[in-house]
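1. Model the following, please.
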Amino acid sequence: MELRVLNYFLMVAREGNITRAAERLHLTQPTLSRQLSELEEELGVKLLIRGKRKITLTEEGFLLRRRAEEILSLVERTEREVTESEEKLEGTVSVGGGDLPASRDFIRLIHEFQVAHPLVEFRFLTAVTDILCERMDRGLIDVSLLVQPFDMEKYEALPFGRPGRWGIYMRADAPLAAEKMVNIKALKNEPVIASSRSDILSRYFSLSGQGVHLNHVPIITNLPSNAVLMVEEGMGYFMGSEGALPFLDESRIVFRPLTPVMLAPPALAWRRNQPFSRAAAAFIEYLKDHGEKRETVEA
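-> So this is what the prediction gives:
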């Protein structure tokens, strides 16, 4: 499978039309059609459904599109890294983080590093810990701000900022909003919007000794910002970490810590024994020198 042909396939997938894709690629339509047919023959699966006016992707086609975008992105990044200047630090550092209070200090470190190295570009992905770990495993992200627990043997980690408490986000007019802290038992018969980090709930119940079965809303979300919109719509309660939403309008949505208390310790992490670009390696060294001294302060 050639990278050139993957580019052709992606263009057709994006345009949804072979004629337009051929024009964008400066190819003849028969040439492009032949390349796509040869790709399908090579893989032994049908990738495209050729309609009269529009081309759509099969299930295998959607999978190839996702993987092709990742492959070509990684190739582009690798090309940039191997051609970096030896005289000045330049290149791209891919980082990630969730909606956490410690994100403010992480962003400040990125800014300070960029001031010292203005030719270094950062790409920031906002996601939850499991997604960020998966991206780091595939070499698509260099450093992430994670919430423990995660695999400490696979990643080198640097504690970063004060741990927040796990708690419940709810509407300001919800009955439980009158409480200073919420016992998990109070949620037994309440609708709870599920987090994609189911390990956090399991760990909480294990530590607290509370055998509670929650009445989950039939939807799973990964970031608090979207979950809070669901809370505001009256869909239920959401379990998340303290301070995850720095611009929370407490006249509409409030946070109440859970009891028994469980903390959400943040940490900066990167893969062990992995080669990094000069820019990423320099940024990691910068984090080691400056990151541990940071103590997140409420704004």
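2. In the stretch 1-150 of the chain, what residue spans correspond to strands?
-> Counting by DSSP state E, counting those that start in this stretch, one finds strands in the stretch 1-150 of the chain at the ranges 48-50, 55-57, 91-97, 120-126, 143-147.
3. Pull up the per-residue confidence for Arg135.
-> Looking at Arg135, its pLDDT is 93.
4. Apart from its chain neighbours, what residue comes closest to it?
-> Of all residues not flanking Arg135 in the chain, Ile141 sits nearest, at 4.2 Å (Cβ to Cβ, 6 or more residues apart in numbering). Where C-beta positions appear, they are placed from N, C-alpha and C, glycine not excepted.
5. Dihedrals phi and psi, that neighbour?
-> Main-chain dihedrals, Ile141, degrees, to the nearest 10: phi -130, psi 140.
6. related to what we said a few turns ago, could the strands of the stretch 1-150 of the chain be laid out in JSON lines, adding distance to Ser73 and mean pLDDT?
-> Shown next, in JSON lines, are these (distance: least, Cβ to Cβ, whole Å; pLDDT from 0 to 100):
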{"stretch": "strand 48-50", "distance to Ser73": "22", "mean pLDDT": "87"}
{"stretch": "strand 55-57", "distance to Ser73": "19", "mean pLDDT": "88"}
{"stretch": "strand 91-97", "distance to Ser73": "10", "mean pLDDT": "95"}
{"stretch": "strand 120-126", "distance to Ser73": "10", "mean pLDDT": "94"}
{"stretch": "strand 143-147", "distance to Ser73": "17", "mean pLDDT": "93"}
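7. Go through these and pick out the most buried.
-> Highest mean neighbour count among those (mean count of other Cβ atoms under 10 Å): strand 143-147, with a mean of 26.
8. tell me how far it is from the chain's mean position?
-> From the chain centre to the centre of strand 143-147 is a distance of 10 Å (Cα atoms, centre = their mean, to the nearest Å).
9. before we move on, what about stretch 230-241?
-> 20 Å.
10. What's the end-to-end length of that stretch?
-> 17 Å (Cα to Cα, to the nearest Å).
11. can you pull the buried residues of it?
-> For stretch 230-241, the buried set under the neighbour-count rule, 16 or more other Cβ atoms under 10 Å, comprises Met230, Val231, Met235, Gly236, Tyr237, Phe238, Met239, Gly240, Ser241.
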